[in-house]
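Enquirer: build me a model:
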Amino acid sequence: FLRHEILPKMSEKFASAPSALARAARHFAEAATLLDELAALDRQNAAASSGRLQLAALKALSPARARNLLRSEWLRAGFQAPSTRWLEEALRQLAATNADSETCVETTEGRLQLYRGELYFLPQTSAAATRSAQAWAGETRLSWGQGSLSLLPVIGLGIARRWLVEGEVFIHPRQGGERLQPDAKRPRRSVRKLCQDLAIPPWQRAQLPFLWCAGRLLWVAGLGVDAEFACAPGEDGLLLTWTAGESAE
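Expert: Presented below is the predicted three-dimensional model:
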């Protein structure tokens, strides 16, 4: 429409309009490239060893550079360009918080969350990611939420299989209040505390599968086997491996 309707009329009155608009388009493209390069440089200085952005480094940037970097990271995560209003609100909340807070700013397709001073860019969790208890009937692989659980028979590793005949085996989502003893030399502790020690963010904890048998918690993804039920050398065992999907990242 611009090319066929508007530009010809402009050219009748302003002969240089086509060349001026073409020049402006080149300038816009060049400016966009420079902003991308600036975001890449700022990211190098702002990234933690994990690869995620550090809140303190983002706060140290000027408002314009912070907006540019945040927009770049949002696009890098695979989301559509955020609105100016969303960027301003995200930066306002981040400016008013500290590294120990857990800020969350959302759009319809994703969310920005802060945990221990680092920024996480996450897709919205679908209803499929929430699971109810699921019985295990000997399968070597189970789908769970947006991830998968591998359960392989082994020798001397994982859960001692003799414990799995005590009753029905179920995979449960986290319910709260669970306790586990991954290390026989240390006391049994709450799953919440264990996850905090390993810097597992709260939204990831909600995605973890818990394996129960006869009312006892034997294993938690990311934390391991309870020492009471661990397989001894040479004993038949069951090795569990949890592979998280994107939403649990």
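
Enquirer: can you pull out the helices in the chain?
Expert: 7-13, 17-46, 55-60, 63-76, 84-95, 191-197, 202-205 (DSSP state H).

Enquirer: is it possible to export those helices to TSV including mean pLDDT and mean neighbour count?
Expert: C-beta: built from backbone N, CA, C; applies to glycine. What follows is the helices of the chain, written out as TSV (pLDDT from 0 to 100; neighbours: other CB atoms under 10 Å):
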stretch	mean pLDDT	mean neighbour count
helix 7-13	85	11
helix 17-46	90	12
helix 55-60	94	17
helix 63-76	95	18
helix 84-95	93	15
helix 191-197	94	17
helix 202-205	87	18
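
Enquirer: okay, these in JSON lines with distance to residue 157 next?
Expert: As requested, those are arranged in JSON lines below (distance: least, CB to CB, whole Å):
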{"stretch": "helix 7-13", "distance to residue 157": "71"}
{"stretch": "helix 17-46", "distance to residue 157": "40"}
{"stretch": "helix 55-60", "distance to residue 157": "39"}
{"stretch": "helix 63-76", "distance to residue 157": "38"}
{"stretch": "helix 84-95", "distance to residue 157": "43"}
{"stretch": "helix 191-197", "distance to residue 157": "20"}
{"stretch": "helix 202-205", "distance to residue 157": "24"}
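
Enquirer: wait, which of these is closest to residue 146?
Expert: helix 202-205 (11.7 Å; CB to CB).

Enquirer: packing partners for the closest one?
Expert: If you count contacts as 3 or more CB pairs under 8 Å, 6 or more residues apart in numbering; DSSP states H and E, helix 202-205 packs onto helix 191-197.

Enquirer: give me the pLDDT for the nearest residue to residue 50 once chain neighbours are set aside.
Expert: Closest residue to residue 50 apart from its sequence neighbours, by CB to CB, 6 or more residues apart in numbering: residue 118 at 6.4 Å. Listed pLDDT for residue 118 reads 94.

Enquirer: need the contact list for residue 118.
Expert: If you count contacts by CB atoms under 8 Å, 6 or more residues apart in numbering, residue 118 has them with 48, 50, 52-55.
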